[in-house]
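# return a 3D structure for these sequence lines:
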Amino acid sequence: MASAVSENVETWKAKLDKLLHEKNFATETLEKIEKKTGVRRLYVAIGLLAILGLYLMIGYGAQFVCNFVGFLYPAYASIKAIESHNKEDDTKWLTYWVVYAVFSLIEFFADIFLFWIPFYWFLKCCFLGYCMAPMTWNGSHTIYNRVIRPIALKYQDRIDTALDKASDAIHEVFGLAKQSARECAGEVAEKMASEAATEAIKKQVVDSSKSD
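I've put the predicted structure just below:
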């Protein structure tokens, strides 16, 4: 058991070290720190993560920091995925955003209860980190395939029917609004034309009386 855990830790460290050697702004910054301090960027990153975790537990503005972490890197990685020709990274980050959206929806309705959980923002950040982890069995993949996907496939027809009805209702509302706007515009134009004609007749009558 201990050897299996140790092997998993080493595998995780190797994947994290590989991720930290990709070319981007964050890894370039870590590279500079590594050269100046002589400490491997892997341990620098782990130290920064530890500081972040401590801050999320006792620091001010933990909610903002947590949401920032859960949004910033995935957004950047999603942009890279869009620009690449690899389909796998597109699927990976689409899966993350689906899980993120579902979690945000649950969090919105359960906010009154989540407030009482100790170190909630630290736990949420750990959860989001697990969801975006550079592993095939990360949190977003597991949650999507075991929870969201079965429910979505089970109720897919009902959801599509409801969306179609909602779309038809929206089109009908917009159609009625356009028709009402045209009728209103027509009434306004007719009224303006009538008033202009009345003013013209009055002016003609006044001019005729003056000439007499």
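# can you list the domains in this structure?
The chain resolves into domains spanning 12-58, 63-134, 158-211 when parsed by the TED database.
# give the buried residues for stretch 98-112.
Neighbour counts over stretch 98-112 (16 or more other Cβ atoms under 10 Å) mark 98-100, 102-103 as buried. Any C-beta I mention is one placed from the backbone N, CA and C, and that applies to glycine too.
# which residues does it contact?
Contacting residues not belonging to stretch 98-112 are listed as 70, 74, 114, 127-128, 131, 139-140, 143-144, 148 [Cβ atoms under 8 Å, 6 or more residues apart in numbering].
# follow-up on the earlier one: okay, the domains of the chain in TSV with mean pLDDT next?
Formatted as TSV, the domains of the chain follow (pLDDT from 0 to 100):
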stretch	mean pLDDT
domain 12-58	78
domain 63-134	86
domain 158-211	68
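# let's have these in CSV, adding distance to residue 152.
Putting the domains of the chain into CSV (distance: least, Cβ to Cβ, whole Å) gives the following:
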stretch, distance to residue 152
domain 12-58, 29
domain 63-134, 9
domain 158-211, 8
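# which stretches of this protein form strands?
For the chain, applying DSSP state E gives no strands.
# show me the helices in it, by range?
Taking DSSP state H as the test, the helices found in the chain are 2-19, 25-37, 41-58, 62-83, 87-109, 111-114, 120-132, 139-143, 149-154, 156-211.
# and residue 48, how many neighbours does it have?
Residue 48 sits with 12 neighbouring residues when counted by other Cβ atoms under 10 Å.
# my error: substitute residue 83 in the last question.
By other Cβ under 10 Å, 7 other residues sit near residue 83.
# give me phi/psi at residue 59?
Main-chain torsions, residue 59, degrees, to the nearest 10: phi -80, psi 170.
# just give the nearest non-adjacent residue to it, would you?
Counting by Cβ to Cβ, 6 or more residues apart in numbering, residue 59 lies nearest to residue 65, which is 7.3 Å off, once chain neighbours are set aside.
# just give me the neighbour total for that neighbour.
17.
# and for residue 125?
Residue 125 sits with 24 neighbouring residues when counted by other Cβ under 10 Å.
# kindly report the same for residue 93.
Other residues lying near residue 93 total 21 when counted by other Cβ under 10 Å.
# residue 63 now?
A count of nearby residues for residue 63, using other Cβ under 10 Å, gives 12.
# can you pull the contacts of it?
Residue 63 sits next to residue 121 when contact means Cβ under 8 Å, 6+ apart.
# turn the buried residues of stretch 98-112 into TSV, including distance to residue 13.
Conversion of the buried residues of stretch 98-112 to TSV gives the following (distance: Cβ to Cβ, whole Å):
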residue	distance to residue 13
98	29
99	25
100	26
102	30
103	27
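# between those residues, which is closest to residue 38?
Residue 38 lies nearest to residue 100 out of those, by Cβ to Cβ, at 37.6 Å.
# against residue 22, how distant is that closest one?
Using Cβ to Cβ, to the nearest Å, one gets 22 Å for the distance from residue 100 to residue 22.
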